[in-house]
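> Let's see this in three dimensions:
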Amino acid sequence: MPLLKLENVTKRFGGLIAVNRVNLEIKAGQFIGIVGPNGSGKTTLFNIVNGVFFPEEGKVIFEDQNITILPPYKRAPLGIARTFQIPRPFCGATVRENIAVGAMFGTHGRYVNVDESLEIADNTIKRVGLRKHRDKPAGILTPVEKKLMEIARALAMKPKLLLMDEAMAGMHPNDIDRMVDFIKKIATEEKIAIVAMVEHIMRALLGMAEKIIVLHHGAKLVDAPTKEALEDPKVVEVYLGKNTKK
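Down below sits the predicted model:
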């Protein structure tokens, strides 16, 4: 049984079809990359999985449960966590408090009180490497530090599915390599069943994703192992233009 299954999912905005009859299955434990040119439907697809948007057609199945019309706050306790391309911290709250919010609304949110959620936050802060920023207001962090905090907040939810939207954009290549190693390590140790990511950064995809799903004009173009997908002529054409050589 797949952890996540999309069946003929379609999302329209007026006359624009942003996601067009997408089918996919993601198994527990897989590392998946979802890529495509700007406007290909990647973020819309994430928003459908996350519950920000509901599809006009199709179904979203999570652990054999139809969650197609569940809002995000009801999906989070099931084990679906999300980071955003542009971090969205509670700027006036401390880093510790921001991360504790994740613990409160994640899979163990019904069972932890405020003190316990803060303890979970402290443990997560140590693992992510934000200890010296623990008591700082989140609003004064650098963009990269905010991304790390957002990842920590998602991890504090103890997710089964982690959706990472351009989480490493803007990072130095050395930081990307360290982040890839960290996410792979934490996913194994914390028993996160799946990490799905949207990334333009090829070094992150090659270092992390075992399979890539390529979207183009809202439709699924390729669904294949990473190396095979990146070498597919259809993918090369979408990113680099049609090869006119005879």
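
> Look up the closest residue to the most centrally placed residue in the chain, ignoring the ones flanking it.
Centroid-nearest residue in the chain, with C-alpha atoms, centre = their mean: L163, separated by 1.7 Å. Distances taken as C-beta to C-beta, 6 or more residues apart in numbering place R82 nearest to L163, at 4.6 Å, with adjacent residues excluded. Just so you know, the C-beta spots here come from the backbone N, C-alpha and C atoms, and that holds for glycine as well.

> And the one you found, how close does it get to L155?
For R82, the distance to L155 (C-beta to C-beta, to the nearest Å) stands at 12 Å.

> Spell out which residues are contacts of both of those two.
Counting by C-beta atoms under 8 Å, 6 or more residues apart in numbering, the common neighbours of R82 and L155 are L162.

> So if I had to pick from these two, which one is more boxed in?
The neighbour count for R82 versus L155, taken as other C-beta atoms under 10 Å, is higher for L155 (27 against 24).

> Then that one would be within a strand, right?
No - checked against DSSP: H, G, I helix; E, B strand; the rest coil, L155 lies outside a strand; its state is helix.

> what's the distance between it and V128?
To V128, L155 is 7 Å away according to C-beta to C-beta.

> pLDDT weak spots in this structure?
Within the chain, the segments meeting pLDDT under 70 span 108-110, 170, 193-205, 207, 239-246.

> Helices along the protein, start to end?
Counting by DSSP state H, the chain has helices at residues 42-50, 72-75, 95-105, 114-128, 143-156, 173-189, 202-208, 226-231, 233-240.

> Mind putting those helices into CSV with distance to A28?
Shown next, in CSV, are those (distance: least, C-beta to C-beta, whole Å):
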stretch, distance to A28
helix 42-50, 15
helix 72-75, 17
helix 95-105, 21
helix 114-128, 22
helix 143-156, 17
helix 173-189, 11
helix 202-208, 17
helix 226-231, 19
helix 233-240, 26
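
> can you tell me which of the ones you listed comes nearest to L215?
Across the helices of the chain, L215 has its closest neighbour in helix 42-50 (5.7 Å, C-beta to C-beta).

> Give me the buried positions along that closest one.
Within helix 42-50, the residues scored as buried using 16 or more other C-beta atoms under 10 Å are K42, T43, T44, L45, F46, N47, I48, V49, N50.

> quick check, nearest of those residues to N8?
I48 (12.0 Å).

> Pull the number of nearby residues for the residue nearest to that closest one when sequence neighbours are not counted.
Distances taken as C-beta to C-beta, 6+ apart put P55 closest to I48, at 5.6 Å, once the chain neighbours are dropped. Neighbour count for P55, taken as other C-beta under 10 Å: 23.

> Could you verify my assumption that P55 touches A18?
No - the pair formed by P55 and A18 falls short of the contact definition of C-beta atoms under 8 Å, at 9.9 Å.

> residues shared between the contacts of the two?
Joint contacts of P55 and A18 (C-beta under 8 Å, 6+ apart) are K11.

> What are the contacting residues of stretch 101-117?
Contacts of stretch 101-117 (C-beta under 8 Å, 6+ apart): 73, 76-79, 81, 90, 93, 100, 120-121, 124, 152-160.

> and if you look at stretch 185-195?
3-4, 26-32, 79, 127, 155, 158-162, 164, 183, 208.

> What subset of those residues is buried?
3-4, 26, 30-32, 79, 127, 155, 158-162, 164, 183, 208.

> Keep only those of those residues that are in strands.
Using DSSP state E, L4, I26, F31, I32, L161, L162, M164 are the members of those that sit in strands.

> What is the nearest of those to R178?
R178 lies nearest to M164 out of those, by C-beta to C-beta, at 15.2 Å.
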